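In: no sequence for this one, just the structure:
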């Protein structure tokens, strides 16, 4: 019997063209390259005999299960996602896909972000999910607007310094 887990939060089914391309490449790599390699290694480990004490066999079984789980997730998720690759009708306001530069009102530090779908977030790259508290606070705001956001570190105030939309050409 499986352990009960609360249902996951609904995430926005939007993605940039570049994010969609990356997920498709990941799915293709898992299915055509990594999975066949693991299956071959699993077959070789199984041929060694007693599987109950065969660490290689156990490891490869777990690895195959992880790959299959990710393949199932990506296959279902790619069907649900809607690619947004056109700029909004009002390019001076913050919407999905916007590159936004913010100035922290208290410290004066500049921060650059891009609002993307939840499947392509990467904090190190400045890619924040449209579902994040900061992105939600930024939506529909304009240049020089002051934005209050409740972040995990506490409330913060930012001023929008720049808003732009760029064609990501399938790479970002």
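Out: Yes, it's here. In this text the structure is predicted, and so the values were computed from the model without any measurement. Residues are numbered from 1 along each chain as shown.
In: what about the helices in the chain?
Out: 17-29, 35-46, 55-80, 133-138 (DSSP state H).
In: helices and strands around the shortest one, which ones?
Out: Packed against helix 133-138, as judged by 3 or more Cβ pairs under 8 Å, 6 or more residues apart in numbering; DSSP states H and E, are the following elements: strand 110-116, strand 127-129, strand 146-151. In short, each C-beta sits where N, CA and C put it, glycine included.
In: before we move on, back to that, which of the helices of the chain sits most buried?
Out: Among these, helix 133-138 has the highest mean neighbour count (mean count of other Cβ atoms under 10 Å), at a mean of 19.
In: and that helix, average pLDDT?
Out: Taken as a whole, helix 133-138 has an average pLDDT of 96.
In: What lies in contact with it?
Out: 94, 98, 100, 102, 113, 115, 128-130, 147-152, 160 (Cβ atoms under 8 Å, 6 or more residues apart in numbering).
In: Please identify which of these is nearest to residue 47.
Out: Nearest to residue 47 out of the contacts of helix 133-138 is residue 129 (Cβ to Cβ; 45.2 Å).
In: thinking again about what came up before, quick one: closest of the helices of the chain to residue 5.
Out: Per Cβ to Cβ, nearest to residue 5 of these: helix 55-80, 14.1 Å.
In: re the thing from before, adding mean pLDDT and mean neighbour count, write the helices and strands packed on helix 133-138 out as a markdown table.
Out: Output for the helices and strands packed on helix 133-138, formatted as a markdown table (pLDDT from 0 to 100; neighbours: other Cβ atoms under 10 Å):
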| stretch | mean pLDDT | mean neighbour count |
| --- | --- | --- |
| strand 110-116 | 96 | 19 |
| strand 127-129 | 96 | 20 |
| strand 146-151 | 93 | 13 |
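In: Tabulate these (JSON lines), appending distance to residue 66.
Out: Shown next, in JSON lines, are these (distance: least, Cβ to Cβ, whole Å):
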{"stretch": "strand 110-116", "distance to residue 66": "25"}
{"stretch": "strand 127-129", "distance to residue 66": "23"}
{"stretch": "strand 146-151", "distance to residue 66": "32"}
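In: out of these, which comes closest to residue 166?
Out: Minimum separation from residue 166 across the helices and strands packed on helix 133-138 (Cβ to Cβ) falls at strand 110-116, 9.0 Å.
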